[in-house]
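Visitor: Please work out how this folds:
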Amino acid sequence: MEVRFGVHTGLQNTTVAELRELWRRIEQLGDGTAFDWISIWDHFYAADATGNPHCLEAVTCHTALAASTERVRCGSLVYSAGYRHPAVLANTMATLDQVAQGRVVLGLGGGWLQQEYDAYGLPYGSAGERLRKLEEYVQCVRALLTRERASFEGEFFTLRDAACEPKPVQERLPIWIGGGGERVTLRICARHADGWNVPFVGPDEWARKAKVLDEHCERAGRDPATITKSVNVGMAFSEEELRAQFGAMANYVRPGVLSGSVQEIVDKVGAYVDAGASWVILAMRAPFDRDGLERFAAEVVPAVRR
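Guide: Predicted coordinates:
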């Protein structure tokens with residue numbers, strides 16, 4: 001199977017020291033061949049809707065990830081368009097790509113955890129408003145990262161002959177869109193993104209959404225093959241481990257969790273790949289199942305690539 005694996009490391013209920021040790025180990029697994037991606041999320045509160053505020057800040061952790069690793073792509077799934085002006089994030093990513101020596105992938109999304117918006121007095125808005133903001137956001141960031149001067153006049157953001165220097169190490173720093181909304185989010189992805197990621201959906205649902213994305217690409221006059229398609233999945237060899245990581249969200253994420261025997265996991269990975277996924281990314285959060293990760297690298301990855 002032609003697929004690459006990654007790990008998405010949640011930032012709640014952990015420490016930077018624990019994460020740095022975990023990132024280094026992920027990069028080493030399978031003699032350095034098991035995983036080619038590590039990412040972080042963007043939340044101020046834990047991403048479980050419990051109201052738990054114990055969550056590390058995203059940009060700081062993204063920088064630590066870049067500085068702690070040497071080989072893997074350093075991703076974000078995903079930065080919220082509601083938390084920072086696009087010029088702030090564009091300048092941040094341009095510098096971060098220097099720290100990572102050209103390994104950054106920038107994931108963007110419209111945001112969903114209203115609790116943290118409300119806690120900090122940030123405007124949440126309707127789903128339509130958040131997605132309109134996202135579409136402006138990705139255009140602003142792209143322009144700042146690729147043009148000498150960028151101008152933009154939108155509903156939410158304005159750029160006037162704006163510069164972002166120095167540019168990233170990469171000539172085109174990849175921008176992914178996160179989310180599965182079929183009418184708007186996937187249309188934005190088709191128009192503006194280099195990659196797409198959606199979390200915790202089963203293979204059949206992922207395949208259906210991927211087909212919708214392809215249809216949006218066709219309407220936009222774009223080759224669907226130019227978009228990297230990925231999925232975030234849970235990984236739990238046991239029900240106990242699933243509930244330890246995801247708590248009350250266990251049943252919600254269950255359709256998109258790799259579980260059961262090694263062969264059952266291989267078959268589920270294969271279903272995503274057959275539908276067009278080129279990346280399968282394990283979404284993990286503390287308490288991190290290190291034994292399960294080691295087993296995945298030792299048993300599942302070789303079986304998939306056989």
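Visitor: can you list the weak-confidence ranges in the protein?
Guide: 1 (pLDDT under 70).
Visitor: Could you double-check that A297 lies in contact with G30?
Guide: Yes: contact criterion CB atoms under 8 Å: A297 and G30 qualify, at 4.7 Å. Where you see a C-beta, it was placed from the backbone N, CA and C, and this is true even at glycine.
Visitor: The two: which has the busier surroundings?
Guide: Taking other CB atoms under 10 Å, A297 and G30 do not tie; A297 has more neighbours (21 against 16).
Visitor: The more buried one in helix, strand or coil?
Guide: Following DSSP: H, G, I helix; E, B strand; the rest coil, A297 is assigned to helix.
Visitor: Can you name the residues that contact it?
Guide: Neighbouring residues of A297 by CB atoms under 8 Å, 6 or more residues apart in numbering: L29, G30, A34, F35.
Visitor: Excluding chain neighbours, give the residue nearest to A271 in space.
Guide: What sits nearest to A271 in space, not counting adjacent residues and going by CB to CB, 6 or more residues apart in numbering, is P203, at 3.5 Å.
Visitor: what's near enough to touch the one you found?
Guide: The neighbourhood of P203, defined by CB under 8 Å, 6+ apart, consists of K268, A271, Y272, A275.
Visitor: got the contact list for the second one?
Guide: Applying CB under 8 Å, 6+ apart, we find A271 in contact with P203, D204, A207.
Visitor: quick one: which of these is nearest to R4?
Guide: P203 (17.2 Å; CB to CB).
Visitor: From the centroid of the protein, which residue is nearest?
Guide: For the chain, L77 is the residue whose C-alpha lies nearest the centre (CA atoms, centre = their mean; 2.3 Å).
Visitor: that older thread, and the residue nearest to A271, how far is that from G292?
Guide: 20 Å (CB to CB, to the nearest Å).
Visitor: Which stretches in the stretch 51-200 of the chain count as strands?
Guide: Taking DSSP state E, counting those that start in this stretch, the strands of the stretch 51-200 of the chain run over residues 73-76, 79-80, 104-109, 150-153, 158-162, 175-178, 195-199.
Visitor: okay if I get the contacts of A271 as CSV plus secondary structure and distance to S238?
Guide: Below are the contacts of A271 laid out as CSV (DSSP: H, G, I helix; E, B strand; the rest coil; distance: CB to CB, whole Å):
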residue, secondary structure, distance to S238
P203, helix, 21
D204, helix, 24
A207, helix, 27
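Visitor: Closest one of these to I175?
Guide: Looking across these and measuring by CB to CB, the closest to I175 is A207, at 23.6 Å.
Visitor: nearest to V169, of the strands of the stretch 51-200 of the chain?
Guide: strand 104-109 (8.4 Å).
Visitor: Extract the C-alpha set from the closest one and format it as PDB.
Guide: Only the C-alpha atoms of strand 104-109 are listed here, as PDB (Å, rounded to 0.1, in the frame of the first residue of the first chain):
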ATOM      1  CA  VAL A 104       6.500  23.000   8.100                       C
ATOM      2  CA  VAL A 105       2.900  22.200   6.900                       C
ATOM      3  CA  LEU A 106       0.300  24.800   7.900                       C
ATOM      4  CA  GLY A 107      -3.200  23.400   8.600                       C
ATOM      5  CA  LEU A 108      -6.000  25.900   8.900                       C
ATOM      6  CA  GLY A 109      -9.600  25.600  10.100                       C
END
